[in-house]
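K.L.:
no sequence on this one, just coordinates:
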């Protein structure tokens, strides 16, 4: 069943400020508004590495779930999408770099190696919540220090997990191959989101 038809009676809320997620959701021909609430993104020690992104997406959803409108004659029911992306190399999570030094260190770690990009997604209404995650293997060529410094200087990737955007210059010249969804690396696994969203609404 077509997702857009199922969403006819819903108002879609994207709980993210990410321009990449906004771009991808728009490309799915879905109308939405952005509504973001700041949440604590600290990782709990009991979480397994591969569940961190999904747990953080759930935390972001729970911060807004009670405020969503449902069964209100004056409003469409609201459905919220939240997401979180992490980069994992050798079981170490690379978050967003705080400065140039951290960005340089992260990209040095990724150079010439395989890493994992995991995006967690949560779909919820006021009364129902469903979350899932998707994984993509990314293989980088050996990056020179000049390439790393050029990218950091020009693109300032301080809002990106792992210090890079696959759709930007470094992704274009550095990624040799991927196993899995390219869009997941951008921050939203749209093919899996489509499937899970349809099941959620039926």
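P.N.:
Perfect, I can see it now. All values derive from a computational prediction rather than experimental measurement.
K.L.:
how much space between residue 146 and residue 107?
P.N.:
Look at residue 146 and residue 107: by CB to CB, to the nearest Å, they are 12 Å apart. Just so you know, the C-beta spots here come from the backbone N, C-alpha and C atoms, and that holds for glycine as well.
K.L.:
helices and strands of this structure: which one has the lowest mean pLDDT?
P.N.:
Sorting the helices and strands of the chain by mean pLDDT, DSSP states H and E puts helix 3-6 at the bottom, at a mean of 88.
K.L.:
Just give the number of residues close to residue 25.
P.N.:
Residues near residue 25, counting by other CB atoms under 10 Å, number 22.
K.L.:
Wait, a helix at it?
P.N.:
Yes. If the criterion is DSSP: H, G, I helix; E, B strand; the rest coil, then residue 25 is within a helix.
K.L.:
the longest helix in the protein is where?
P.N.:
Secondary structure of the chain per DSSP state H: the longest helix is helix 52-65.
K.L.:
what comes into contact with the least confident helix or strand of the chain?
P.N.:
Helix 3-6 is contacted by residues 28-30, 194, 197-198, 201-202 when judged by CB atoms under 8 Å, 6 or more residues apart in numbering.
K.L.:
Helix 52-65 and the helix or strand that that helix is followed by, what's the angle between them?
P.N.:
Heading C-terminal from helix 3-6, the first helix or strand you meet, by DSSP states H and E, is strand 10-14. On the basis of axes from the mean of the first three to the mean of the last three CA atoms, to 10 degrees, strand 10-14 is oriented at 120 degrees to helix 52-65.
K.L.:
Return the list of helices and strands in contact with strand 10-14.
P.N.:
helix 19-27, strand 32-34, strand 77-89 (3 or more CB pairs under 8 Å, 6 or more residues apart in numbering; DSSP states H and E).
K.L.:
Please point out which parts of it sit buried.
P.N.:
Residues of strand 10-14 classed as buried by neighbour count (16 or more other CB atoms under 10 Å): 10-14.
K.L.:
Tell me if I am right that residue 184 is in a strand.
P.N.:
No. Counting by three-state DSSP, residue 184 is not found in a strand; it is helix.
K.L.:
Surely it touches residue 116?
P.N.:
No. In this structure, residue 184 is not within contact of residue 116 by CB atoms under 8 Å, at 10.4 Å.
K.L.:
Please say which of these two ends up with more neighbours.
P.N.:
Ranked by neighbour count (other CB under 10 Å), residue 184 and residue 116 place residue 184 first, with 26 against 19.
K.L.:
Distance check, that one against residue 8.
P.N.:
Computed as CB to CB, the residue 184 to residue 8 distance reads 27 Å.
K.L.:
what do you get for residue 188?
P.N.:
22 Å.
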